[in-house]
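Visitor: predicted model, plus sequence, below.
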Amino acid sequence: MKPKFLLHVCCGPCSIAIFEELQNQFDLTVHFYNPNIHPVEEYDKRKSEVFKICSELNIPVVEGSYDDKRWFELTKEYKDEPESGERCSICFRIRMEHSAEYARDNIFDFFSTSLTMGRNKKADVINLIGVELGEKYGVEFYEEDWKKGGRQERADELVKKKRIYRQDYCGCVYSK
């Protein structure tokens, strides 16, 4: 029996190559929890793409609630910071903590996130948060910099081939 793996995902382009890699090794479930994405129409586009890809690949997907009010409350004092600052770390933690808690409550062996696939996302920051949360919730965090090892190029190829919607900002209203 394959180990159970919960992968937090932010969008189709950042996750499709990861799905391809993990699906053969693990009993993979996708977790879509992104209260940072604004406006809600953008959130719906990204969610729709993730659900479509997961359906095609026969990967179960669960969606966390769209709690944008909480996200704004936790990030408001950092709204003027540039991307990659403290606001981003808080945003990563909000989303990954939701995934870690879900992984614990649903008895997953591992959890991780597609966030490190992002060109402007620092894997060392994201992975450190993941390891902390793994220890807190008792679920092993699978550390990876998904943009390395040809994965980003593979993702670009799959996005073009399958005509997957590609956004032009991280999702946060402050980064737009």
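Guide: Everything's here; your move.

Visitor: pLDDT of the longest helix seen in the chain, averaged?
Guide: Longest helix in the chain by number of residues (criterion: DSSP state H): helix 86-105. Helix 86-105 carries an average pLDDT of 96.

Visitor: that helix - contacts with which helices or strands?
Guide: strand 4-9, strand 27-32, helix 68-75, strand 110-113, helix 123-137 (3 or more CB pairs under 8 Å, 6 or more residues apart in numbering; DSSP states H and E). Every residue, glycine included, has its C-beta placed from N, CA and C.

Visitor: one more time with 7 Å
Guide: Counting contacts by 3 or more CB pairs under 7 Å, 6 or more residues apart in numbering; DSSP states H and E, helix 86-105 is packed against strand 4-9, helix 68-75, strand 110-113, helix 123-137.

Visitor: buried set for that helix?
Guide: Using 16 or more other CB atoms under 10 Å as the test for burial, helix 86-105 gives 87-104.

Visitor: got a list of contacts for it?
Guide: Contacts to helix 86-105, defined as CB atoms under 7 Å, 6 or more residues apart in numbering, come from residues 6, 8, 31, 33-34, 36, 64, 71, 74-75, 78-79, 81, 111, 113, 115, 125-126, 129-130, 133-134, 136-139, 172, 174.

Visitor: run the angle between it and strand 4-9 for me.
Guide: Per axes from the mean of the first three to the mean of the last three CA atoms, to 10 degrees, the angle that helix 86-105 makes with strand 4-9 is 150 degrees.

Visitor: so helix 86-105 versus strand 27-32, what angle?
Guide: Going by the same axes, to 10 degrees, helix 86-105 makes 140 degrees with strand 27-32.

Visitor: hang on, the earlier thing: quick one: the helices and strands packed on helix 86-105 as a markdown table, columns for mean neighbour count, distance to residue 60 and mean pLDDT too.
Guide: As requested, those are exported to a markdown table (neighbours: other CB atoms under 10 Å; distance: least, CB to CB, whole Å; pLDDT from 0 to 100):
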| stretch | mean neighbour count | distance to residue 60 | mean pLDDT |
| --- | --- | --- | --- |
| strand 4-9 | 24 | 10 | 98 |
| helix 68-75 | 15 | 25 | 94 |
| strand 110-113 | 26 | 14 | 98 |
| helix 123-137 | 18 | 20 | 97 |
